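With the sequence up front, the predicted model follows.
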Amino acid sequence: MFDKLGQLKDLWQLKNQIQEIKKRLDNMVIKVDSPHHVFEITVSGSQEVKEVAVSELVNNFSREQLAEELKTVINKAVRDSQGYGRSGHGRYGGHGGLFAQSLSDMSFTPLVLSGKTAPRLGLGTWALGGGKDWGPADVPEAENAVHAALDAGICLIDTAPAYGWGRAEELLARALKGRRQQVLLADKCGIVLNEDGRPDHDLRPESVFAQCNTSLSRLQTDYLDIYFIHWPDPKVPLSDALGALEQLKERGKIRALGLCNVNAEQLSRAAAQTSVTCVQNPLSLLDHKQKEVLAVCAEKKIPFMAYGALGGGILSGKYRQEPNFRRGDARRYFYKYYFGTNFDGAQAVAMRVKEAAAQKHCPPSAAALAWTLAQDGVSGALFGARNARQVRENAAALAIGLTERKAAYLEYGN
């Protein structure tokens, strides 16, 4: 019988994810943690699985479809069980080759929104908003990117009014028409255009209420699964802003609240005031200064969602020489890896990522995302994409892991 069924990293690659299978199955219930949902399957039978019951609808699968898929996969796994086995242990997943990670080796708090466990990857929409930050967006390609994410089981989508100053939200409204119930939708407040047309902080409660109403209208939805404070406002006490979000939650306009770009002290104070559902801070091979925040998250059991895991795209490995972006481009003022000595340092890391990815025949972006997902305490990571191909490349991170040796090499170069 099964002593344990290893955690599944990706429903689309079930055949490669079942671990510790022995020769015989008896009647039992197995709890399966996938990056998309937590559900249970009931397996009955002995040498062969005759029935599989699924306790929760999973994404676009019907219970019957998923049950049949699991039955096929488990029966094949039983036949091939001598070829399967656990690969080592440790922070990045043992010694079973370059990519040999098991989620059960890792420690993090899953992100649960609206009663559903969020996938470990989410689609960020800053680049989809286009505008001065990223240049014009190809709207059909952008909508295809959203559809590709949902089709891959990546149902967590993150946006903000500042992403194209409303264009990202409006694009999502079109792309999600008829599919809103499949999505865990995250939005933000606190960054607005001031009277001079420049970005500014504004977390005054009356402004937060107005920002939320505007976002709901643009998105053509009546609730947000989670609403983040985008950046703390130096002019408004964080407690006041949190109070405004609590009121929005009481009114049913948001179902959870979170914090972006906070330090450990701010997070601790916020957690003492209210229930913080998630923290969203930068974390990548190029920026891993989150030790104190991750410690607070671990102590308070607050999920940590990383953003910037690809360094604004530079870890995709596509830049061989220093690009000449416009002065107002986000890759000059926000992701400062594209010029001068910063570019040289980032390129050194990107080359190591490309080397590791080539050994496993996966996209470099997937290897970089896998490093972020492998960090202790990281519940998930956001990635940007401007088309369906980039979504599919990034989604491959869900099916790979890193050995201790290779993760250290990517990080330190030795």
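Structure's in. What do you need?

tell me the secondary structure for residue 259?
strand (DSSP: H, G, I helix; E, B strand; the rest coil).

Dump stretch 217-233 to CSV, restricted to CA.
The C-alpha trace of stretch 217-233 is given here as CSV (Å, rounded to 0.1, in the frame of the first residue of the first chain):
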residue,chain,number,x,y,z
SER,A,217,-15.2,49.3,-11.6
ARG,A,218,-12.3,48.9,-13.9
LEU,A,219,-12.1,45.1,-13.2
GLN,A,220,-15.8,44.7,-13.5
THR,A,221,-16.0,42.7,-10.3
ASP,A,222,-17.7,43.3,-7.0
TYR,A,223,-14.9,41.9,-4.8
LEU,A,224,-11.2,41.3,-4.6
ASP,A,225,-9.7,38.1,-3.2
ILE,A,226,-6.9,40.1,-1.6
TYR,A,227,-6.2,43.9,-1.4
PHE,A,228,-2.6,45.0,-0.7
ILE,A,229,-1.1,48.2,0.5
HIS,A,230,1.3,48.8,-2.4
TRP,A,231,3.8,50.9,-0.4
PRO,A,232,3.7,52.4,3.1
ASP,A,233,2.8,56.1,3.0
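
Please point out which parts of it sit buried.
218-219, 221, 223-233 (16 or more other C-beta atoms under 10 Å). In this view, the C-beta of every residue, glycine as well, is placed from N, C-alpha and C.

So which of those residues are in strands?
Using DSSP state E, 226-229 are the members of these that sit in strands.

one step back: now, which of the buried residues of stretch 217-233 sits nearest residue 160?
For those, the residue nearest residue 160 by C-beta to C-beta is residue 230; the value is 5.8 Å.

hang on, the earlier thing: make JSON lines out of the buried residues of stretch 217-233 and add pLDDT and distance to residue 200.
Conversion of the buried residues of stretch 217-233 to JSON lines gives the following (pLDDT from 0 to 100; distance: C-beta to C-beta, whole Å):
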{"residue": "218", "pLDDT": "98", "distance to residue 200": "20"}
{"residue": "219", "pLDDT": "98", "distance to residue 200": "23"}
{"residue": "221", "pLDDT": "98", "distance to residue 200": "26"}
{"residue": "223", "pLDDT": "98", "distance to residue 200": "27"}
{"residue": "224", "pLDDT": "98", "distance to residue 200": "22"}
{"residue": "225", "pLDDT": "98", "distance to residue 200": "27"}
{"residue": "226", "pLDDT": "98", "distance to residue 200": "23"}
{"residue": "227", "pLDDT": "98", "distance to residue 200": "19"}
{"residue": "228", "pLDDT": "98", "distance to residue 200": "17"}
{"residue": "229", "pLDDT": "98", "distance to residue 200": "15"}
{"residue": "230", "pLDDT": "98", "distance to residue 200": "12"}
{"residue": "231", "pLDDT": "98", "distance to residue 200": "10"}
{"residue": "232", "pLDDT": "98", "distance to residue 200": "13"}
{"residue": "233", "pLDDT": "98", "distance to residue 200": "9"}
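
Just name the closest of those residues to residue 389, please.
Lowest distance from residue 389 to the buried residues of stretch 217-233 (C-beta to C-beta) belongs to residue 219, with 25.4 Å.
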